[in-house]
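S.K.: need a 3D model of the sequence below.
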Amino acid sequence: MDFLKELEGKRVHDPLIHFQSKTDMAAAKTTRRIWVPGPVIVGAGPSGLAAAACLKEKGIPSLILERANCIASLWQLKTYDRLRLHLPKKFCELILMPFPADFPTYPTKQQFLGYLKAYAERFDLKPAFNTTVVSAKYDTRSGLWLVKTLGLKNEEVIEYVCQWLIVATGENAEEVVPEFEGAKDFGGPIVHTSSYKSGEMFREKKVLVVGCGNSGMEVCLDLCNYNAKPSLVVKDSVHILPQEILGISTFGLSMWLLKWLPMSLVDRFLLLVSRFLLGDTARFGIHRPRRGPLELKSVTGKTPVLDIGTLAKIRSGHIKVCKAIKQVKHQSVEFIDGKVEGFDAIILATGYRSNVMSWLKETSMFSEKNGLPRKAFPNGWKGESGLYSVGFTQRGLLGASMDAKRIAEDIEHRWKAEKATHIMPRLVTCACASPLAQS
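M.R.: Down below sits the predicted model:
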């Protein structure tokens, strides 16, 4: 981070801290302010890396802040071992660098991580790890963003000052963990899929998987491979499609058909083929939504499940489908249909959500309800006052690359017109004098 310049050589005590004793004073954090000439990118996942790479290609430096100790922490630390990309690699590669030609159509988790590490090395991207952003706010007096962070041990506060802020923390920043009546009395493990690695520890166990998205379905399949006895809670309606149709990616075929046909006709085709290849899922207790799979994705962002063998296990009885949970009891669960069954463990495949609103002090670009951009795709990437988002399109890595390209092009226009060094006198004058900048 040679391009960083320290704005203030002294450490300033945070005025928001009120000391009640000498102990409090000794424990107080100190604040250091650092000027960043280019954008600050929050998040070193695929989206943040893509944004930084696009900027670098245009000669614009950036600083990536990452709370974990590695890039792509969700993939590295919170995914199960058997995970593969559910879409063909051509739809998942980041902008400026394709996957290696010898990679399979659906790369493994390890292959995808290797690709991301090679991507970071190719563009010389070096995030500031173990750096948690606790707040980011726009100072109207100086016209700059103030991004406050805490280090690994929460001992020092650093405030980065920049013209542009790129939010790349993504749609899956933190786990969704539902509360069930009686959960504390269960007496067995209740874990989120973020902690699940394989079915080894559940061998021969009766396991209830809550959530029938792609993760829940695949975890059930993995459990079967370890001779566990999984049951799947299906609370809501869901579309299940074959991963491939006659050897062609269902997703790829859908994208091609949409070039020629209206979405409603493509949906009807997908449902017809799915019924032929997979059968009527309602027979197993899995009902389809009224909207077609593509329409539902477009309107709500809800992704259809791509079947990789789970339905066959449901048909054969190796995976049991259950209604929604009414309450949890000791070593058992009662469902809304009145049935009670015993289980050794519960796995929550209940997904993730955005955490943007917990640290970004701005509400015009992002919704306070779900932490996603208020504007629908493809217009959600740009906000006001130099604020951008990448990876919130609900269209996977392909959408993130589209965002990254647009952001870099937009910033390039201002970068060329007004070099960062031109702002330094105004920054020193305004930011140091502004009460906002000192808080």
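S.K.: ok, which stretches of the stretch 101-250 of the chain are strands?
M.R.: Secondary structure of the stretch 101-250 of the chain, counting by DSSP state E, counting those that start in this stretch: strands at 132-139, 144-150, 156-162, 165-167, 174-175, 190-192, 206-210, 229-233, 240-242, 244-245, 248-249.
S.K.: and these, which is most packed in?
M.R.: Here the criterion is mean neighbour count by mean count of other C-beta atoms under 10 Å, and of these the winner is strand 165-167, at a mean of 29. In this view, the C-beta of every residue, glycine as well, is placed from N, C-alpha and C.
S.K.: please name every helix or strand in contact with that strand.
M.R.: Counting contacts by 3 or more C-beta pairs under 8 Å, 6 or more residues apart in numbering; DSSP states H and E, strand 165-167 packs against strand 40-42, strand 387-389.
S.K.: in the helix or strand just after the last one, which residues are buried?
M.R.: Using DSSP states H and E, the helix or strand that follows strand 387-389 in sequence is helix 396-417. Taking 16 or more other C-beta atoms under 10 Å as the neighbour-count basis, helix 396-417 is seen to contain the buried residues 396-408, 411-412, 415.
S.K.: the helix or strand harbouring Arg32 pairs with which strands, and in what direction?
M.R.: Using DSSP H and E, Arg32 maps to strand 30-35. Strand 30-35 has the following sheet partners, assigned by DSSP bridges: strand 5-6 (antiparallel), strand 12-13 (antiparallel), strand 156-162 (parallel).
S.K.: what's the least confident stretch among these?
M.R.: Note on the strands paired with strand 30-35: strand 12-13 shows the lowest mean pLDDT, a mean of 32.
S.K.: contacts for stretch 255-275 next, please.
M.R.: Residues from elsewhere that reach stretch 255-275 (C-beta atoms under 8 Å, 6 or more residues apart in numbering): 91, 239-242, 245, 250, 254, 288, 292-295, 298.
S.K.: pull the most distant pair out of those residues.
M.R.: Phe91 and Arg288 (23.9 Å; C-beta to C-beta).
S.K.: okay, Met357: pLDDT?
M.R.: For Met357, pLDDT reads 94.
S.K.: over to Arg32?
M.R.: Arg32 carries a pLDDT value of 89.
S.K.: thought Tyr160 was touching it, still the case?
M.R.: No. In terms of C-beta atoms under 8 Å, Arg32 does not count as a neighbour of Tyr160; the distance is 9.7 Å.
S.K.: just the helices and strands packed on strand 165-167: most buried one?
M.R.: Taking mean count of other C-beta under 10 Å, strand 40-42 is the most buried of these, at a mean of 27.
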